[in-house]
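Visitor: Predicted model, plus sequence, below.
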Amino acid sequence: MAEWDALWVNVHLATMDEESGYGEIRDAAIAVKDGRIAWLGARAALPHRRAGTVHDGEGCWLTPGLIDCHTHIVHGGNRSAEFEARLSGASYEDIARQGGGILSTVRATRSASERDLFEQSLPRVHALLAEGVTTLEIKSGYGLDLDSEAKMLRVARRIGRELQVRVRTTFLGAHALPPEYAGRADDYIDMLCGHMLPALAAEGLVDAVDAFCERIGFTAAQTERVFGTARALGLPVKLHAEQLSDQGGAGLVARFGGLSADHLEYLGAEGIAAMAAAGTVAVLLPGAFYFLRETRQPPIQALRDAGVPIALATDCNPGTSPMTSLLLAMNMGCTLFRLTPAEALAGVTRNAARALGIFDDTGSLAVGKAADFALWRVDRPGELAYGLGACPSAGRVVLGRQPRP
Ligand code: NIG
Ligand code: FE
């Protein structure tokens with residue numbers, strides 16, 4: 001009987017298991033048993049054990065599988081016409097106030113069948129998986145009624161079952177006010193808290209709860225009510241915070257012990273201090289910053305100084321970030337926000353896992369963790385943040401298994 005199920009040799013490891021740098025181990029080996037990492041280290045120190053399968057890594061770098069910790073990847077239709085309108089001068093907020101923006105995707109998502117929604121989402125998901133993504137967060141928030149939110153979340157669960165990727169679902173019912181509640185935002189929040197969220201949670205469709213705390217979204221008071229319901233249901237929270245203005249959202253989500261505050265271009269000193277004290281991760285979304293032609297930078301150096309963990313994600317969505325490349329998000333994190341390539345890789349591995357509350361299980365290479373890997377034909381790990389449109393992936397491993405390409 002083999003003592004290990006599988007062993008990779010002739011690889012260099014970037015374990016990402018320390019608080020800075022890559023945790024490099026050159027000429028290494030990594031062994032898997034029952035889907036978990038059973039041993040890792042320099043090949044010269046490899047104990048003599050039998051392995052079911054021995055994989056020759058051909059000199060590739062092996063990192064933790066990448067984690068896209070903020071996406072709206074399940075949605076109907078696209079917003080290319082809105083993109084053209086914005087380039088002619090209309091603002092994202094103006095378009096939203098006129099009933100376009102998020103609400104136009106709500107119309108397309110409501111009218112799509114569950115199967116159609118799955119099929120429309122597939123090419124986007126495949127693009128991420130081709131880049132070594134092994135964990136994917138998927139938000140609802142384009143349904144805004146019980147049946148349509150449930151439809152989105154079931155599609156997300158199906159992606160997790162059928163595509164060999166770990167999926168974490170986030171309920172984002174407080175994303176926009178649906179047209180049938182126009183002028184009655186508090187009534188919508190009553191319905192969300194009293195009915196929609198408890199029903200979806202009871203069906204096991206919700207891993208975390210998010211909201212859009214913004215002038216064109218919901219107020220801090222309304223967001224707080226959503227968080228109160230999440231807490232009562234035992235669900236962790238996160239927040240779209242300070243994307244277009246400072247609404248105090250980061251401080252609010254930190255008060256609830258939130259997993260993450262996301263976007264953060266307008267984040268101020270109070271919010272940073274609250275996040276640092278609560279251990280709330282800053283999720284930066286350079287795709288949305290770029291696509292909205294935002295000029296105000298998130299306060300990166302202040303976040304670093306305060307010791308707030310920084311993650312990066314695609315924010316894949318049809319309105320502000322129609323992006324299906326996490327490697328490009330890493331590059332943008334470096335070029336637009338001046339992250340280092342090591343910070344960018346930490347942002348899509350260990351800190352992305354923290355932003356989803358699953359760092360015990362994945363996000364770095366350590367004995368006992370899930371055997372979720374990405375293999376790369378690169379000379380050094382910093383090269384992952386370097387290319388624009390390059391895909392040096394040499395495959396993925398999920399729970400010790402190599403998915404079909
Ligand atoms: O993360 N800001 C709110 N939510 C999304 C955009 C949604 C949309 O425009 O469809 C975001 O940027
Ligand atoms: Fe988002």
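Guide: Thanks, I have it. Ligands and ions are numbered 1, 2, ... in the order given.
Visitor: switch to C-alpha atoms for all contacts and neighbour counts from now on
Guide: Noted.
Visitor: mind showing which ranges of this protein have poor pLDDT?
Guide: Where the chain drops to pLDDT under 70, the residues are 1, 405.
Visitor: contacting residues around whichever strand or helix holds Leu375?
Guide: If you go by DSSP states H and E, Leu375 is part of strand 373-376. By C-alpha atoms under 8 Å, 6 or more residues apart in numbering, the list of residues contacting strand 373-376 from outside reads 60-66, 132-134, 392-398.
Visitor: Closest approach to ligand 1 from the stretch 251-400 of the chain, which residue is it?
Guide: Gly319 (3.7 Å; C-alpha to the nearest ligand atom).
Visitor: centre of the chain versus whichever strand or helix holds Asp190, how much separation?
Guide: Assigned by DSSP H and E, Asp190 belongs to helix 185-191. In terms of C-alpha atoms, centre = their mean, to the nearest Å, the centre of helix 185-191 is set 27 Å apart from its chain centre.
Visitor: What is the next helix-or-strand element following the strand holding Leu375 packed up against?
Guide: Proceeding N to C from strand 373-376, the next assigned helix or strand is strand 393-397, under DSSP H and E. Judged by 3 or more C-alpha pairs under 8 Å, 6 or more residues apart in numbering; DSSP states H and E, strand 393-397 is in contact with strand 133-139, strand 373-376.
Visitor: what sits up against the first one?
Guide: Strand 133-139 is contacted from outside by 65-74, 153, 156, 164-172, 356, 372-374, 396-398, using C-alpha under 8 Å, 6+ apart.
Visitor: Tell me the strands beside it, with direction?
Guide: strand 66-68 (parallel), strand 166-174 (parallel) (DSSP bridges).
Visitor: Could you check which residue of the stretch 101-250 of the chain lies nearest ligand 1?
Guide: Ile102 (4.2 Å).
Visitor: how close does that residue get to His175?
Guide: 8 Å (C-alpha to C-alpha, to the nearest Å).
Visitor: hey, what's in contact with both of the two?
Guide: Joint contacts of Ile102 and His175 (C-alpha under 8 Å, 6+ apart) are Tyr142.
Visitor: Next, the contact list for the residue positioned nearest the centre of the chain, please.
Guide: For the chain, the residue nearest the mean C-alpha position is Cys69 (1.3 Å; C-alpha atoms, centre = their mean). Neighbouring residues of Cys69 by C-alpha under 8 Å, 6+ apart: 135-137, 312-313, 348, 352-353, 355-356.
Visitor: Identify the residue nearest it in space, chain neighbours excluded?
Guide: Glu137 (5.0 Å; C-alpha to C-alpha, 6 or more residues apart in numbering).
Visitor: which residues pair with the one you found across the strands?
Guide: In this structure, Glu137 bridges to Arg168 when assessed by DSSP bridges.
Visitor: hang on, the earlier thing: what pairs with the strand holding Leu375, parallel or antiparallel?
Guide: Strand 373-376 has the following sheet partners, assigned by DSSP bridges: strand 51-64 (antiparallel), strand 393-397 (antiparallel).
Visitor: could those strands go into TSV alongside mean neighbour count?
Guide: Formatted as TSV, those follow (neighbours: other C-alpha atoms under 10 Å):
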stretch	mean neighbour count
strand 51-64	20
strand 393-397	22
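Visitor: Of those, which is nearest ligand 1?
Guide: Closest among the strands paired with strand 373-376, once you apply C-alpha to the nearest ligand atom, is strand 51-64, at 25.1 Å.
Visitor: Run through who's touching the closest one.
Guide: 2-16, 27, 349, 362-365, 372-381, 394.
Visitor: got the CA coordinates for it in PDB?
Guide: The C-alpha coordinates for strand 51-64 follow below in PDB (Å, rounded to 0.1, in the frame of the first residue of the first chain):
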ATOM      1  CA  ALA A  51       3.700   7.200  -3.400                       C
ATOM      2  CA  GLY A  52       0.800   6.100  -5.600                       C
ATOM      3  CA  THR A  53       1.700   8.500  -8.400                       C
ATOM      4  CA  VAL A  54       4.900  10.400  -8.800                       C
ATOM      5  CA  HIS A  55       4.600  13.600 -10.900                       C
ATOM      6  CA  ASP A  56       7.600  15.200 -12.600                       C
ATOM      7  CA  GLY A  57       7.100  18.900 -12.200                       C
ATOM      8  CA  GLU A  58       9.700  19.600 -15.000                       C
ATOM      9  CA  GLY A  59      11.200  22.500 -13.100                       C
ATOM     10  CA  CYS A  60       7.900  24.400 -12.700                       C
ATOM     11  CA  TRP A  61       7.100  26.700  -9.800                       C
ATOM     12  CA  LEU A  62       4.300  25.400  -7.600                       C
ATOM     13  CA  THR A  63       2.200  27.900  -5.600                       C
ATOM     14  CA  PRO A  64      -1.000  27.600  -3.600                       C
END
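Visitor: Would you agree Gln222 is in contact with Ile189?
Guide: Yes. If you go by C-alpha atoms under 8 Å, Gln222 and Ile189 touch, sitting 6.8 Å apart.
Visitor: contacting residues for Gly41?
Guide: Going by C-alpha under 8 Å, 6+ apart, the list of residues near Gly41 reads 25, 28-30.
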